[in-house]
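Visitor: Take this sequence and fold it.
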Amino acid sequence: MARGLQKIQSQQNAKAKAEAKKGANSNLKKDAAAKNVQCKICMNTFLCTTREPELRGHAANKHPKHTFEQCFPNFDANAAVQAALEATGGAKGKQQQQKKKK
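Guide: Numbers count the residues shown, from 1 in each chain. As a prediction, this is how the structure comes out:
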């Protein structure tokens, strides 16, 4: 049983890696923090990366008696575009990836 100790150590390492990986997969906290666009009529929340056409569709389908501005008075299209760029890495993220490849 020359590999007895090695086998036990590798099992312990694999178990430790599996336990460390379990908590890292959840994006629930990030998603909850990113929901900063809210309909003022029904209080439905949307991710900050949601584009204006989708919000306009929500206002038209769910609240036909109200205008888009009444549903989303604080919506800023420029902020949504910026948030979407940051979420996907944007232009800076692509430049950094290209540098890493070289």
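
Visitor: residue ranges with poor pLDDT in the chain?
Guide: 1-2, 22-26, 80, 87-88, 90-102 (pLDDT under 70).

Visitor: what ranges do the strands span in it?
Guide: 37-38, 45-46 (DSSP state E).

Visitor: hmm, who's touching the first one?
Guide: Among residues not part of strand 37-38, those counted as contacts by Cβ atoms under 8 Å, 6 or more residues apart in numbering are Asn44, Thr45, Phe46, Leu47, Cys48, Thr50, Leu55, Phe72, Phe75, Ala80. All C-beta atoms are positioned from the backbone trio N, CA, C, and that covers glycine.

Visitor: can you do 10 Å?
Guide: 44-50, 54-55, 71-72, 74-76, 79-80, 83 (Cβ atoms under 10 Å, 6 or more residues apart in numbering).

Visitor: How about the last one?
Guide: For strand 45-46, the surrounding residues in contact (Cβ under 10 Å, 6+ apart) are 32, 34-39, 54-55, 58, 72, 75, 80.

Visitor: close enough to count as contact, His66 and Arg56?
Guide: No: using Cβ atoms under 10 Å, His66 makes no contact with Arg56, being 11.8 Å away.
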